[in-house]
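Student: I would like the atomic coordinates for the input below:
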Amino acid sequence: MQDLTNQEISDKKDVKRKAVVDKIDIEERKMKLAERQLVYRRAQAEIEKLELENIKLRRA
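Tutor: Numbers count the residues shown, from 1 in each chain. The predicted model follows:
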């Protein structure tokens, strides 16, 4: 069995910790992207609504 030095053990823990932090960061970014996409879709729907209203008013 291979003996690991304290530094090697510490390095492995650091790598695992970084992987967890990176995964959390990715999930947070996914959530922000989903939120932005929702805001964009709502804005697009409002624009379409206003454009239709504008067309109706021009015809009147």
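Student: quick one: the helices in the protein?
Tutor: 6-59 (DSSP state H).
Student: where are the low-confidence patches of it?
Tutor: Residue ranges of the chain with pLDDT under 70: 1-2.
Student: if you set the cut-off to 90 instead, what comes out?
Tutor: For the chain, the stretches flagged by pLDDT under 90 are 1-10, 60.
Student: convert the C-alpha atoms of stretch 13-32 to CSV, please.
Tutor: Listed next in CSV are the C-alpha coordinates belonging to stretch 13-32 (Å, rounded to 0.1, in the frame of the first residue of the first chain):
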residue,chain,number,x,y,z
LYS,A,13,-8.7,17.4,-0.4
ASP,A,14,-8.1,20.8,-2.1
VAL,A,15,-8.9,19.2,-5.5
LYS,A,16,-12.1,17.7,-4.1
ARG,A,17,-13.1,21.0,-2.4
LYS,A,18,-12.4,22.9,-5.7
ALA,A,19,-14.6,20.4,-7.6
VAL,A,20,-17.5,21.0,-5.1
VAL,A,21,-17.1,24.8,-5.3
ASP,A,22,-17.0,24.6,-9.1
LYS,A,23,-20.1,22.5,-9.2
ILE,A,24,-22.0,25.0,-6.9
ASP,A,25,-20.8,27.8,-9.2
ILE,A,26,-22.1,26.0,-12.3
GLU,A,27,-25.5,25.4,-10.6
GLU,A,28,-25.7,29.1,-9.6
ARG,A,29,-24.9,30.2,-13.1
LYS,A,30,-27.6,27.9,-14.5
MET,A,31,-30.1,29.4,-12.1
LYS,A,32,-29.2,32.9,-13.1
